[in-house]
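Undergrad: coords please:
(one chain, ligands or ions: 1)
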Amino acid sequence: LLIRGTQEISDCFYLARLTTMSGRLSFSNITALAPMVRVGTLPMRLLALDYGADVVYCEELIDIKMAQCQRVVNEVLDTVDFVAPDDRVMFRTCEREKDRVVFQMGTADPDRALTVAKLVEQDVAAIDVNMGCPKEYSTKGGMGAALLSDPDKIEAILRKLVGGVNKPVTCKIRILPSLEDTISLVKRIEKTGVAAIAVHGRFKEERPRHPVHCDYIQAVANAVSIPVIANGGSLDPVKTYANIEEFRKASGASSVMLARAAMWNPSVFRSKGLLPLETVMEEYLKYAIRYDNHAFNTKYCLCQMLRDKVETPQGKLVQAAQTNAEFRCEYFQQVQEEHQVKRDALQTNSLHGRPIMDGDVLTMAVKFERREYPPQITPKMFLLEWSRKEKLEQPTYEMVQRTQDRAFQSTVTVAEKKYRSSLWEKSKKFAEQAAAIVCLRVLGYQRVVSAKRTLVWFVKGRGR
Ligand SMILES: Cc1cc2nc3c(=O)[nH]c(=O)nc-3n(C[C@H](O)[C@H](O)[C@H](O)COP(=O)(O)O)c2cc1C
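TA: Have a look, this model is predicted:
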């Protein structure tokens, strides 16, 4: 009990250090996992937190793509997913990182930036705007480092965000060719009300191998009163945990953000020292499997960790893998089974849920999971067949679309009664299938799956 009490007290102190008086995430005296395209997905963020990072940034996500996403609570994985119209999960997050994850977006449009910030606001700790990435995917359309030459746009975006969301707003910049211009830009940025500025101490044209300009970061830290997060020290000086403090001191900044050093070995955040790569990769894989990370992404991150070892037998195995199962088969199967049990339990719960009348429509909270039905036996098809057998008119579907996230909801009419799912779907087809499921459930039909899960059919009044 004493040990538990001590742990709880230390957790409280830790959380208090990370929050301001107003309960918002503080960027003062922190270490952060930098935003990194492809690397900064959920498994890497959770691992960095485990090892001691205070704050974790997600990879840059482009506003146009995010604005098309639907927010979906994934009850099987216990995550919140932002899902694109093509079903790709653009951003996956979970409770564990809710108070520490910063959502970084690529944007050049204040209104769109706000739309996206509002979409993710309740699930993240802060919103960041990327103003430092010189890569083409980021600079096209005036985003990333392209913003550095348009301070009016920077100001418009940040003011809009600061005024429009209830979470801290930050930005990440590179330094400008003259120190004077850099200082005047950051002073302008500070006036917008941002909570912190991350400064990558390199010029736009400089490559990661070039030495970091700590003197510029120091000058910025002296010029503003908000926390400055020093970035760019991965190659030299930061290789170990002790180097983080040295970089902080050398740059005169309040905080430090690491990209490559953490990508190569996220245990760099660990105060007790680096862990062997095998251990880190093992832990990474567990998160990747637990959170159903895309296998290509898992492979990419493991290859970054392996670095010059990608050609070793271990590296070749990683490179050859096509699915998460191939990385760690036993654990994968165990997790799959746990997820299936959860899926079944959720389905049983909703099977026993009672329909609720919404006006003249019978509604239930039902989602259509495509993988649960083979293409030849969908709920819609079964309902059509059933209506024919009962000599009823063909079911008719009426569709509505919600403006904020363009999600769909369908109402099906069968024998003059209306049925609808109270949940919104990302496609018209799914919305109709969900409405058909509600109707079938009210009629007493349930989905039954064969032992090997190869066959699905509908049975009256029987559960699995
Ligand atoms: C693989 C990779 C992806 C990156 N993606 C982003 C990104 O999405 N957003 C961003 O602001 N910077 C991005 N960066 C830049 C880093 O955040 C960081 O500014 C840079 O690597 C310098 O820090 P370091 O010396 O600690 O590596 C990326 C860097 C790497 C290596």
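Undergrad: interface residues of the chain facing the ligand?
TA: By the rule Cβ under 6 Å from any ligand atom, the part of the chain lying against the ligand is 34-37, 39, 59-60, 104, 130, 132-133, 172, 200, 208, 231-234, 258-261, 263. Every residue, glycine included, has its C-beta placed from N, CA and C.
Undergrad: mind checking which of the residues you listed land in helices?
TA: When the residues of the chain next to the ligand are checked against helices (DSSP state H), the matches are 260-261, 263.
Undergrad: list the contacts of the spatially closest residue to Met66 that is not a sequence neighbour.
TA: Leaving aside its chain neighbours, Met66 sits nearest to Val116 (4.5 Å; criterion: Cβ to Cβ, 6 or more residues apart in numbering). By Cβ atoms under 8 Å, 6 or more residues apart in numbering, the contact set of Val116 is 61, 63, 66-67, 105, 107.
Undergrad: just Val414 next, same as before
TA: 383, 387, 392, 395, 439.
Undergrad: which of the residues in stretch 68-77 are buried?
TA: 68-72, 77 (16 or more other Cβ atoms under 10 Å).
Undergrad: then stretch 86-97?
TA: Applying 16+ other Cβ under 10 Å to stretch 86-97 flags 89-94, 97 as buried.
Undergrad: among those, which pair sits farthest apart?
TA: Met90 and Glu97 (16.2 Å; Cβ to Cβ).
Undergrad: got the buried residues for stretch 177-189?
TA: Neighbour-count burial for stretch 177-189 flags 182-183, 185-186, 189 (criterion: 16+ other Cβ under 10 Å).
Undergrad: Throw the contacts of Val116 into TSV and include pLDDT, thanks.
TA: Formatted as TSV, these follow (pLDDT from 0 to 100):
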residue	pLDDT
Leu61	97
Asp63	96
Met66	96
Ala67	95
Met105	97
Thr107	96
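Undergrad: got the contact list for stretch 269-282?
TA: Outside stretch 269-282, the residues that touch it by Cβ under 8 Å, 6+ apart are 31, 33, 47-48, 51-53, 240-241, 244, 258, 262, 265-268, 302, 305-306, 309, 328.
Undergrad: chain center to that stretch, what's the gap?
TA: On the basis of Cα atoms, centre = their mean, to the nearest Å, stretch 269-282 sits 24 Å off its chain's mean C-alpha point.
Undergrad: ok, now stretch 161-179?
TA: With Cα atoms, centre = their mean, you get 20 Å for stretch 161-179.
Undergrad: ends of that stretch, what's the gap?
TA: The stretch stretch 161-179 measures 27 Å between its terminal residues, going by Cα to Cα, to the nearest Å.
Undergrad: and the contacts of Val116 as JSON lines, adding neighbour count?
TA: Shown next, in JSON lines, are those (neighbours: other Cβ atoms under 10 Å):
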{"residue": "Leu61", "neighbour count": "23"}
{"residue": "Asp63", "neighbour count": "23"}
{"residue": "Met66", "neighbour count": "23"}
{"residue": "Ala67", "neighbour count": "19"}
{"residue": "Met105", "neighbour count": "26"}
{"residue": "Thr107", "neighbour count": "32"}
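Undergrad: which of those residues lies closest to the ligand?
TA: Lowest distance from the ligand to the contacts of Val116 (Cβ to the nearest ligand atom) belongs to Leu61, with 8.4 Å.
Undergrad: hey, what's that closest one bridged with?
TA: Met105 (DSSP bridges).
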